[in-house]
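J.: next one to model:
(one chain, ligands or ions: 1)
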Amino acid sequence: MYNGELLIERPLRWGMVGGGRTGQVGYKHRSGALRDGTYRLVAGAFDLDADRGRDFGTNLGVQPDRCYATYQDLIAGEAGRDDGVEVVSVATPNFTHYEITRALLEAGIHVICEKPLFFTVAECEEIAKLAAEKGLIVGVTYGFTGHPLVRQMAAMVAHGMLGEIRIVDLQYTHGFNAGDDTDAGEAVKWRTNPKTAGPTFVLGDIGTHLYYLSEVVLPDLKIERLLCDRKAFIPSRAPLEDHATVLMHYDNGARGRLWVSSVNAGNMGSQRYRFVGSKASVEWSDAHPDQLFYDVQGEPNRILHHGMPYLEPESLEVDRMGALHTEGLGDSWANIYLWIAQAIDAKRRGDEAFLKTHRYPGIEAGTEGVRWLENCVRSADAGAVWVDFE
Ligand code: NAI
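T.: Model prediction:
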């Protein structure tokens, strides 16, 4: 169980690009990063509106002269300082991720970037090469996967408790975009424009969370083929989709189905994962994150609770609140930020042995998300046909 002790050599000097007062995801980053004192927020270019960004940053406790108007100013301003920023989180719209990440890495700064990481696998591979050359870490904030019951599902699969995996059933849906975009805010506008969102809307926006979580739980299963059917129920969003279904064939013969939608009117279920094996199934939803359904064929169904001693050690070691007390998204983000901090710390110390076995969402996880999206688009745009996974 984590109790907030510092697990790295010293706190990291941290900054943010984006995630300002009006940003949707910024607070999740700060609640994850600042929970354990592992990061200290020392600089930021928080907002496209420079004055609002400075006002916001100073309210967060950042010195006014370190609240910059642009990410370029942040890089230039921090470069001359002995106490300059060491790691920066990028919480801006998708189309900016690549250029900001590249500029930060070139300046010798570790990066924690939002998903979907970039627009193309080629961009991901270029950034992976740059990060490797510079000896820097790129983390990706698949924030839901730090929950101890996600680790529990992965451990149960690894320990053979489900048997051979047969069915993977993934859903992330909501209804916030069921209406048209006449009065849409900025966050919807950029998400529904291919120039700013990239080649997908809901597949990248929420589907990549599903895909990464399934990779965490089933690290040995690889997709061989997939079929993606996508549609814009609100026509102005085309060619991007507000709804998609994906069928997947895995290399062990398992079958997968994935449903993402932002037009599931009235639905507040958010994410649901069911992994079905030859002996038993597990099911978890972030709507009720403290409970894991464990259904053994022929036995009464069970509900496992986070933090209880009957869970696998892999789950208990990343629990924060202890049984009985709710453990949620903020805790999950705190774990993700901690694991990325440990990777940065190991990189700084040259501890490659630690990095070989340490699990955190890094550049590979970001790249695989983009690779999955490329395959989905190739299938959908050919008329929802089966394609080999490339
Ligand atoms: P948003 O539109 O609500 O906020 C974007 C923020 O970035 C605003 O504060 C804006 O002023 C700022 N910004 C934009 N361009 C900038 C620039 N060049 N320099 C400095 N600041 C800039 O967007 P939202 O919803 O917060 O999404 C941001 C990113 O986070 C996206 O890539 C999205 O996919 C991802 N996201 C991830 C989530 C997760 O659970 N991991 C949840 C929500 C969003």
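J.: excluding residues flanking it in the chain, which one is nearest the residue nearest the centre of the chain?
T.: Nearest to the geometric centre of the chain sits Tyr142, at 1.3 Å (C-alpha atoms, centre = their mean). In space, and not counting its chain neighbours, Tyr142 is closest to Tyr212: 4.3 Å by C-beta to C-beta, 6 or more residues apart in numbering. Every C-beta, even on glycine, is put in place using the N, C-alpha and C of the backbone.
J.: which strands and helices lie in contact with the host helix or strand of that neighbour?
T.: Element membership for Tyr212 (DSSP states H and E) is helix 208-217. With contacts taken as 3 or more C-beta pairs under 8 Å, 6 or more residues apart in numbering; DSSP states H and E, helix 208-217 sits against helix 148-158, strand 165-173, strand 255-261, strand 270-277, helix 363-381.
J.: what's the closest of these to Gly298?
T.: Smallest distance to Gly298 across those (C-beta to C-beta): 13.7 Å, for strand 270-277.
J.: show me the strands in the chain, by range?
T.: Per DSSP state E, the chain carries strands over the ranges 12-18, 39-45, 87-91, 110-113, 138-140, 165-173, 223-231, 243-250, 255-261, 270-277, 280-285, 291-296, 302-305, 386-388.
J.: Serialize the ones you listed to TSV and add fields for mean neighbour count, mean pLDDT and distance to the ligand.
T.: Converted to TSV, the strands of the chain look like this (neighbours: other C-beta atoms under 10 Å; pLDDT from 0 to 100; distance: least, C-beta to the nearest ligand atom, whole Å):
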stretch	mean neighbour count	mean pLDDT	distance to the ligand
strand 12-18	25	98	3
strand 39-45	24	98	5
strand 87-91	26	98	5
strand 110-113	27	98	8
strand 138-140	27	98	9
strand 165-173	20	98	11
strand 223-231	20	98	17
strand 243-250	21	98	16
strand 255-261	21	98	13
strand 270-277	20	96	10
strand 280-285	21	98	15
strand 291-296	18	98	21
strand 302-305	14	98	24
strand 386-388	14	98	25
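J.: distance to Ala380 added to the ones you listed, as JSON lines?
T.: Shown next, in JSON lines, are those (distance: least, C-beta to C-beta, whole Å):
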{"stretch": "strand 12-18", "distance to Ala380": "29"}
{"stretch": "strand 39-45", "distance to Ala380": "36"}
{"stretch": "strand 87-91", "distance to Ala380": "27"}
{"stretch": "strand 110-113", "distance to Ala380": "25"}
{"stretch": "strand 138-140", "distance to Ala380": "24"}
{"stretch": "strand 165-173", "distance to Ala380": "17"}
{"stretch": "strand 223-231", "distance to Ala380": "4"}
{"stretch": "strand 243-250", "distance to Ala380": "7"}
{"stretch": "strand 255-261", "distance to Ala380": "12"}
{"stretch": "strand 270-277", "distance to Ala380": "21"}
{"stretch": "strand 280-285", "distance to Ala380": "26"}
{"stretch": "strand 291-296", "distance to Ala380": "31"}
{"stretch": "strand 302-305", "distance to Ala380": "37"}
{"stretch": "strand 386-388", "distance to Ala380": "10"}
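J.: CA atoms of the longest helix seen in the chain as CSV?
T.: For the chain, the longest helix by residue count, based on DSSP state H, is helix 329-349. C-alpha atoms of helix 329-349 as CSV (Å, rounded to 0.1, in the frame of the first residue of the first chain):
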residue,chain,number,x,y,z
LEU,A,329,-9.9,8.3,-10.4
GLY,A,330,-7.7,10.8,-8.5
ASP,A,331,-5.9,7.9,-6.8
SER,A,332,-5.5,6.2,-10.2
TRP,A,333,-3.9,9.3,-11.7
ALA,A,334,-1.6,9.6,-8.7
ASN,A,335,-0.3,6.1,-9.3
ILE,A,336,0.2,6.9,-13.0
TYR,A,337,2.1,10.0,-12.1
LEU,A,338,4.2,8.2,-9.5
TRP,A,339,5.1,5.4,-11.9
ILE,A,340,6.2,7.9,-14.5
ALA,A,341,8.2,9.8,-11.9
GLN,A,342,9.9,6.6,-11.0
ALA,A,343,10.9,6.1,-14.6
ILE,A,344,12.3,9.6,-14.9
ASP,A,345,14.2,9.2,-11.6
ALA,A,346,15.6,5.9,-12.8
LYS,A,347,16.6,7.5,-16.1
ARG,A,348,18.3,10.4,-14.2
ARG,A,349,20.3,7.8,-12.1
